[in-house]
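Engineer: fold the stuff below for me.
(2 chains)
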Amino acid sequence: DTAVSQTPKYLVTQMGNDKSIKCEQNLGHDTMYWYKQDSKKFLKIMFSYNNKELIINETVPNRFSPKSPDKAHLNLHINSLELGDSAVYFCASSLGGSKPQHFGDGTRLSIL
Amino acid sequence: QQQVKQSPQSLIVQKGGISIINCAYENTAFDYFPWYQQFPGKGPALLIAIRPDVSEKKEGRFTISFNKSAKQFSLHIMDSQPGDSATYFCAASNSNSGYALNFGKGTSLLVTP
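Structural biologist: Residues are numbered from 1 along each chain as shown, chains lettered A, B, ... in the order given. Down below sits the predicted model:
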């Protein structure tokens, strides 16, 4: 069973469109994260949620809106997609604090 | 700004050799220092982690050395194997940022047969 699953794995779309990426974890964790990995493989935190509440928003444009319907899910909605949004987006979860973070396998977003 | 600096960017080691990756940080509030391993097409996976009250931690062939006064830490992979070929990331975090990980830029390791 996949611990942290993201869908879709690949997303190809045009500039200006709106898209969503879904993330689900079955580990019973209460903290979830979104990270962005750019073309040079640099990983940067975007958002962190604890018990469905936002605790970190790292200067991400407000075109990005995370939604946590429950502790097991953290979805990412992106409006008005731009070329610079092309990247691999990783969802992660943990028990909070300095507990290990478990990552999904990523969603590769390509903007045409 | 880059809070964790990692070197080298790439590394080639012969099978059986020792791979060494170094990281440095500035924020003395960091209190958790993990290393992640990433294979192509996969998400990062935790390899080993250390806290600043310990100078060294060993798990199998992987060892973290930590120098609090120098604000540096390193990963040593002993008896490197071709299966260790991957990208390695150091990271640092603390409670101020909800333990969100600040990653280094990664080291691409190739272990040749």
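Engineer: lowest average confidence, helix or strand, in chain A?
Structural biologist: Lowest on mean pLDDT, DSSP states H and E among the helices and strands of chain A sits strand A:53-57, with a mean of 80.
Engineer: anything in that one near chain B?
Structural biologist: Yes - shown here: strand A:53-57 in contact with chain B (C-beta under 8 Å from any C-beta of the partner chain) through A:Ile55, A:Ile56. C-beta: built from backbone N, CA, C; applies to glycine.
Engineer: need the residues of chain A near chain B, please.
Structural biologist: A:4, A:31, A:33, A:35, A:40-45, A:48, A:50, A:55-56, A:58, A:90, A:92, A:94, A:96-106.
Engineer: how about 6 Å then?
Structural biologist: A:41-43, A:45, A:48, A:55-56, A:90, A:97-98, A:100, A:103-106 (C-beta under 6 Å from any C-beta of the partner chain).
Engineer: just the buried ones from these?
Structural biologist: With burial judged by 16 or more other C-beta atoms under 10 Å in any protein chain shown, the buried subset of those is A:Lys41, A:Leu43, A:Ile45, A:Ser48, A:Ile55, A:Ile56, A:Phe90, A:Ser98, A:Phe103, A:Gly104, A:Asp105, A:Gly106.
Engineer: mind picking the two most distant members of the residues you listed?
Structural biologist: The span of these, defined through C-beta to C-beta, is set by A:Lys41 and A:Ile55 at 25.8 Å.
Engineer: number of residues surrounding A:Asp85?
Structural biologist: 19 (other C-beta atoms under 10 Å in any protein chain shown).
Engineer: okay, which residue is most central for chain A?
Structural biologist: Geometric centre of chain A, nearest residue: A:Trp34, 3.4 Å, by C-alpha atoms, centre = their mean.
Engineer: what sits against that residue?
Structural biologist: A:Met46, A:Phe47, A:Leu76, A:Cys91 (C-beta atoms under 6 Å, 6 or more residues apart in numbering or on different chains).
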